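In: no sequence on this one, just coordinates:
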C-alpha cells in the first residue's frame, strides 16, 4: 500500500477511527485498506470496479456503526416498527446517495482526487439494482429514505431478484429485452444472513383433528419446502444516525444437491430442487400470461410475505412479548395487492403455528395490517384462479373461505336482501371460473385503506372499492405520494441545490416547505439569470450524454419536452406522437414558418408481453427517424428515445427538462411521482386533471401549469353517452392527416400494415380517449410555445413550481402515514 499524499493529512492511528472517521485523510486511508485487504488489489493494478468496490466498502463501514446502533436502540426502547411489504424496491445506486446522507461527499471527492482518482467515474461504475418496474418500487425506496431521515423505526421487506427488470435495447426501433445481471460484479451494500433463514411451504394437503378440549387443529403437509435467505442493506437517513434495514429474501433449496439421484447418472435431476426453488427469486415479474407464469408470481408473493411475517413474529417473541399484542409493536403496510396474501398467512401463523383462537387472531391481523392501493386499472387488482390458489396454498384457501364465510354473514346483516352487493363484496368471484380477489382480501384484512392522491382515493370510494367503503368508511383515507428531495434534487441536480442553499440555506433539504422562501425571488432578475444558467448547464450535460450514447445532436436552446415513464396506452405516449406529427405537417405545409424549436425526449420500458406498448416504442422511433433526417425541419424538431430508462438516467433527465408531460387520461393514473420530480427540478407541467396533477396544479397555481383535456367526470359522461370516433376523425383535418400518415406507410418505409393496429385501436374503440383530448392538447401545446418565447415569464413559472412543491416531499407523506395509520413516532439514535 502506498503512503497517503501529504496534503490529505496525517495517518489515522485508531483502528476504529479508520473505519468511522469522516475526514478526507481517514477516508483515503480506509479506502486503501479496503482496496488491499478486501479487494486484494494494489492501487496501481486495480480495475475501475475494484476501486468502486473499495470505496463502497469504505462508505459501508461508516454506515455499519449507525446500523448496529439503530438496531440496539430499537431493541432497548418501547417502539412501534413500520414493516413495509413491497414486491419492488427501485433503490437506484447507493454510493452517491449515501455520501450525501452521511455529509461526506466533498471529503470523499477530495480523498479520491488526492489519490489521483475521479469520484464521478467510481459513482458511474455502480450497477443499478433493477428491483422494480417503475413508480411502485421507486416510491417504496423514497419512503425508506424518508423513514430513516425522520428517525422512524422501519424495516422494508421484499425479494432479492437475481435478475431485475430487463435491460432494454433498441434494434431497428423495436424494444428487445436482455437479462439485467445487476449482481454480476457483486453487491457491496448487502449482508447475507443465512443463519436467519426461514422455511416456506408450497402445495400438498391439510389434515385436521379435534383435540380432547374440542379445539380444531389443522396441519399443513406441504409437497415442497423452500428456504428464504435474507440479504440486509442499511438505509441511512439524511444527516441522522438512523440506518434502517431493507431486508430482501432470496429463495434457496432446502437440499440443493441429491447424491443418490446423481449417482444413478441423472445429473440434472440431482439439482432439480435447487433450480425450481431458486426460480422463485430469479426474475422480477415473470410473464403471467401462461399458467406457469401465474403460479410463479403467486409463489413469489407468498414466499417473501411468509418469510417477512415469520421474521416479524420471531422478533416479537425474542423480546418476550406476546403475539396478542403484535399490533402494538408492529405496523405492517402492504404496498399494493402483491403482498395481500399476508392476511391469510398471518392468520395461519397465529392460529395453526401458535395456537391462537380465531377471533383473537383476526383482531391482531386486522389491527396490524394496512393496505395502500396504487391502481385504478382492473387488470392490476390481482385475482388468482381458485384451482391454482388451492393447489399451491391449500391451507390458505381454507382460511380465505372461512374469512369469507364470516364476512358474508356480516354483510348480509348490514345489507339484508342485497345479494348483488354480497356477491360484489365476496372474496371469491367469477362466473365460469372462481377467483380469489386479492384486493378484497387486503381491504377486509386491514384496519386502514388508503389511496395515493385525492382523485384516486375518491375513485376508490366511488368505483373500485365502493362496496367496501359503504361497509367500513372509517377505514379509508388519502395519503398523497411524495418523493425524496435528497436523491431527486440534492444528488440529481447539484447546481440547483447549490443555488437554493446559497439563497435560503440548506434547511429545505429536510423540510421542503422551506422552499416557499424562494417566492420573493421569482421576480428578481439576477436570481432568474442564475436559475436559467443552472437549467442550461443541465441541458448541455444531457445533450452531451445523448451525443455520447446515441450519436445524436440536440439543441440545448430548444424546449426539452420530456415524457419518460412506463409504456402503457393509458399513459398516452402516442398522444405526444400525434402532436409531433401535427407540428411536422405544419412545417411541411409552411417550411419557412417560425417554430419554437423542440427536442422531444421519450423514455420507458414496455412489459415484454404488451404488444401495443412495444408498437408505440417502434412508432416513436419511426417518426423520429423520418423527422430527424428531414432537411425541411432544419433542427426545429428533434425526437429522441432514451433506451433503458432507470433511476440513474432519471437523475440526468429531470434536471434538464423544460416541459413535463403528464398526459394520462383523467381517472386512470393513481398518482404519478414523475410529475413531482420534474416540478421539483423546475420543469413546468402540461397535463390532465389526473392523479396528483390536480394537487400539483393547486399548489403551484393554475397560471404555472398547462392544463388540457377532459376531467374524470367528463370521461365517464362521454363514455355513457357514446363516443363518436369517426365524427371526431372526419371533422378534424389535422388529426385525420396525422392518423392517415401512419396508415399510409409514410413512417414505416411503405409498410401500410405496421401501425394499422394502433390506428385501428383509436378509430374503433379509443379506450383511453386520445381523439377526444387531441385538439385540447394541440391548443395547449401552442400555448406552451408562446409562453417559452417570453424568457422572463417562463423562468418565473419555473421558480414558482419549485418554491411550491413542499407538499410533495416523501417526508410529508411519511408523517401523514405515521400520524393517521401507523401511530408511531421518531426514535433518535445515539452512537
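Out: That came through fine. Model, not experiment: these values are computed from the prediction.

In: which residues of the stretch 1-150 of the chain score low on pLDDT?
Out: By pLDDT under 70, the weakly predicted segments of the stretch 1-150 of the chain are 1-15.

In: ranges for the strands of the stretch 701-831 of the chain?
Out: Along the stretch 701-831 of the chain, counting by DSSP state E, counting those that start in this stretch, strands occupy 706-707.

In: isn't residue 302 up against residue 345?
Out: Yes: assessed by CB atoms under 8 Å, residue 302 is found in contact with residue 345 at 7.0 Å. C-beta: built from backbone N, CA, C; applies to glycine.

In: which neighbours do those two share?
Out: The overlap between the contact sets of residue 302 and residue 345 (CB atoms under 8 Å, 6 or more residues apart in numbering) consists of residue 396.

In: residues contacting stretch 392-403, please?
Out: Stretch 392-403 has contacts (CB under 8 Å, 6+ apart) with 202-206, 218, 220, 295, 298-299, 302, 341, 343-345, 347-348, 351-352, 358, 362, 386, 389-390, 427-428, 436, 441, 444-445.

In: one more time with 7 Å, if that's ok
Out: 202-206, 218, 220, 295, 298-299, 302, 341, 344-345, 347-348, 389-390, 427, 436, 441, 444 (CB atoms under 7 Å, 6 or more residues apart in numbering).

In: and if you look at stretch 777-794?
Out: If you take CB under 7 Å, 6+ apart as the criterion, stretch 777-794 is touched by 528, 559, 575, 579, 582, 596, 659, 663, 686, 706, 708-709, 734.

In: change it to 6 Å
Out: Contacts with stretch 777-794, where a contact means CB atoms under 6 Å, 6 or more residues apart in numbering, come from 559, 579, 582, 596, 706, 708.

In: give the buried residues for it.
Out: Neighbour-count burial for stretch 777-794 flags 777-778, 780-781, 784-785, 787-788, 794 (criterion: 16 or more other CB atoms under 10 Å).

In: which of the contacts of stretch 392-403 fall within strands?
Out: 202, 205-206, 218, 220, 436 (DSSP state E).

In: count the residues that sit near residue 314.
Out: Using other CB atoms under 10 Å, residue 314 has 12 other residues around it.

In: scratch that, residue 82 is what I was asking about
Out: By other CB under 10 Å, 25 other residues sit near residue 82.

In: next up, the contacts around it.
Out: Residue 82 makes contact with 154, 331, 822, according to CB under 6 Å, 6+ apart.

In: and of those residues, the nearest to residue 486?
Out: Proximity of the contacts of residue 82 to residue 486 (CB to CB) peaks at residue 154, which lies at 16.2 Å.

In: now residue 64. Nearest residue, chain neighbours left out?
Out: Of all residues not flanking residue 64 in the chain, residue 234 sits nearest, at 7.1 Å (CB to CB, 6 or more residues apart in numbering).

In: and if you look at residue 478?
Out: Excluding the flanking residues, the one nearest residue 478 by CB to CB, 6+ apart is residue 457, at 3.8 Å.

In: quick one, helices of the stretch 551-700 of the chain?
Out: All helices of the stretch 551-700 of the chain, identified by DSSP state H, counting those that start in this stretch, fall at 573-589, 611-629, 647-656, 674-680, 693-700.
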